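J.: sharing a model prediction with you, sequence too.
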Amino acid sequence: MKKVLIVITACLFTLQLFSFGTTKANNKAVESIKDSLFYDAEEKLTKALEGNEDNTILNYNMALNKIRIFEEYNDRESLEEAVPFFEKAVKDTSAQVQFLTNYNRGNLHYNAEDYGGAINFFQQAASKLDSTQVDPDLIYNLANSMYKFGENNEEYDSLMVYSGQIYGSLLDQVESSEQPKLLHNMGNSAFKGENYSDAVNYYLNALKQNPEDNRTRENYEIALRKLEAQEQQQDGESQESEDGESQEEQSEQQQQSESQQKEEQKSKEKQQKESEDKQEQYQDMSKEDKEKLDAEKKLDALIQQQSQQNKDKDEKPKRSKKGLSGRYW
């Protein structure tokens, strides 16, 4: 991890100032580390530690040198050998030593692919910073650890998604050569969270900076297909919802129409029944009763006719009482 190597070099330079005046052997060992003469540095630090087994600076530099040996020669045993030296160095209670020790123990576990352990030590390192301090390299490495841990453990995939948010806050602070990788990881984080639209954008921006990255291109194409399928599904659900509402409305209208038809049919049947009953009653009447009923019907008809004539007369326009023109209004 390139970012870790840069940080370790800076830490060594800082600790060289820390260790100034301790022993000549330690200073020579630091120079050997800076010159990438790691086995030579290990030999010098081993001699310096004789009689100084609890010296914080010597133990710290030895642990860092073990990490550099792993990174240079892929010697995994050196990672295990670094642990006891870190444990001795961390006994120093000063905040700076605690920060640097936990930070590089996080790097050790990251290199050993123990991403859960890396998260733990990076978080411990962060706890040694006061509220005004921000260390972009620490945040970057913590995000990488979360990303890797979530990628390898499905039950913790939310960490991978969360790492994408951290990457976003660091995008403007990392070297330009690191940005395509950062954007690629942000795309993977968004993809893991099924946010395919953002994933497509992150992959596309990564490809603009590094068009030769076939892995990013492949992920971009997969995310694009996922996005299209997601949009089609959403359109289908929306159409189904509209169709469902339309069918419900049609069904409701049909029910109302059927109900109205039933009411009208009942009314007609009732009127017909009443008419038939009256007809039967009329047939059963005596001649005198029939004549009396017919006379009453004729009288009712005359009354209705007269009432209608009076109504029509009232609705005719009246002659105006204003002026002498005799016009109607």
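T.: Done, it's in. Numbering: from 1, shown residues only.

J.: export the one helix or strand Ile139 maps to as PDB, just CAs?
T.: If you go by DSSP states H and E, Ile139 is part of helix 136-152. Backbone C-alpha positions of helix 136-152 (Å, rounded to 0.1, in the frame of the first residue of the first chain) are rendered in PDB as follows:
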ATOM      1  CA  PRO A 136      -5.600  12.300   6.200                       C
ATOM      2  CA  ASP A 137      -3.200   9.300   6.000                       C
ATOM      3  CA  LEU A 138      -4.700   7.700   9.000                       C
ATOM      4  CA  ILE A 139      -8.300   8.200   7.700                       C
ATOM      5  CA  TYR A 140      -7.200   6.900   4.300                       C
ATOM      6  CA  ASN A 141      -5.700   3.700   5.800                       C
ATOM      7  CA  LEU A 142      -8.700   3.200   8.100                       C
ATOM      8  CA  ALA A 143     -11.100   3.500   5.100                       C
ATOM      9  CA  ASN A 144      -9.000   1.000   3.200                       C
ATOM     10  CA  SER A 145      -9.200  -1.400   6.100                       C
ATOM     11  CA  MET A 146     -13.000  -1.000   6.400                       C
ATOM     12  CA  TYR A 147     -13.300  -1.500   2.600                       C
ATOM     13  CA  LYS A 148     -11.300  -4.700   2.700                       C
ATOM     14  CA  PHE A 149     -13.000  -6.000   5.800                       C
ATOM     15  CA  GLY A 150     -16.400  -5.400   4.300                       C
ATOM     16  CA  GLU A 151     -15.400  -6.800   1.000                       C
ATOM     17  CA  ASN A 152     -14.300 -10.100   2.600                       C
END
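
J.: can you give me the distance of Glu194 to Ala229?
T.: Counting by CB to CB, to the nearest Å, the gap from Glu194 to Ala229 is 11 Å. Just so you know, the C-beta spots here come from the backbone N, C-alpha and C atoms, and that holds for glycine as well.

J.: could you do Leu204 as well?
T.: Leu204 is 18 Å from Ala229, by CB to CB.

J.: try Tyr196
T.: 9 Å.

J.: those two: which is more packed in?
T.: Between Tyr196 and Ala229, Tyr196 has the larger neighbour count (other CB atoms under 10 Å), namely 21 against 11.

J.: buried set for the one helix or strand Ile57 maps to?
T.: Secondary structure from DSSP H and E places Ile57 in helix 56-73. By 16 or more other CB atoms under 10 Å, the buried positions in helix 56-73 come out as 56-71.

J.: can you show me the CA trace of that helix as CSV?
T.: C-alpha atoms of helix 56-73 as CSV (Å, rounded to 0.1, in the frame of the first residue of the first chain):
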residue,chain,number,x,y,z
THR,A,56,10.9,3.0,23.3
ILE,A,57,12.7,4.5,20.3
LEU,A,58,14.9,1.4,19.6
ASN,A,59,11.9,-1.0,19.9
TYR,A,60,9.8,1.3,17.7
ASN,A,61,12.4,1.5,15.0
MET,A,62,13.0,-2.2,15.1
ALA,A,63,9.3,-2.9,14.6
LEU,A,64,9.1,-0.5,11.6
ASN,A,65,12.2,-2.1,10.1
LYS,A,66,10.5,-5.5,10.3
ILE,A,67,7.5,-4.1,8.4
ARG,A,68,9.9,-2.7,5.7
ILE,A,69,11.5,-6.1,5.4
PHE,A,70,8.1,-7.6,4.8
GLU,A,71,7.2,-5.0,2.2
GLU,A,72,10.5,-5.3,0.4
TYR,A,73,11.0,-9.1,0.5
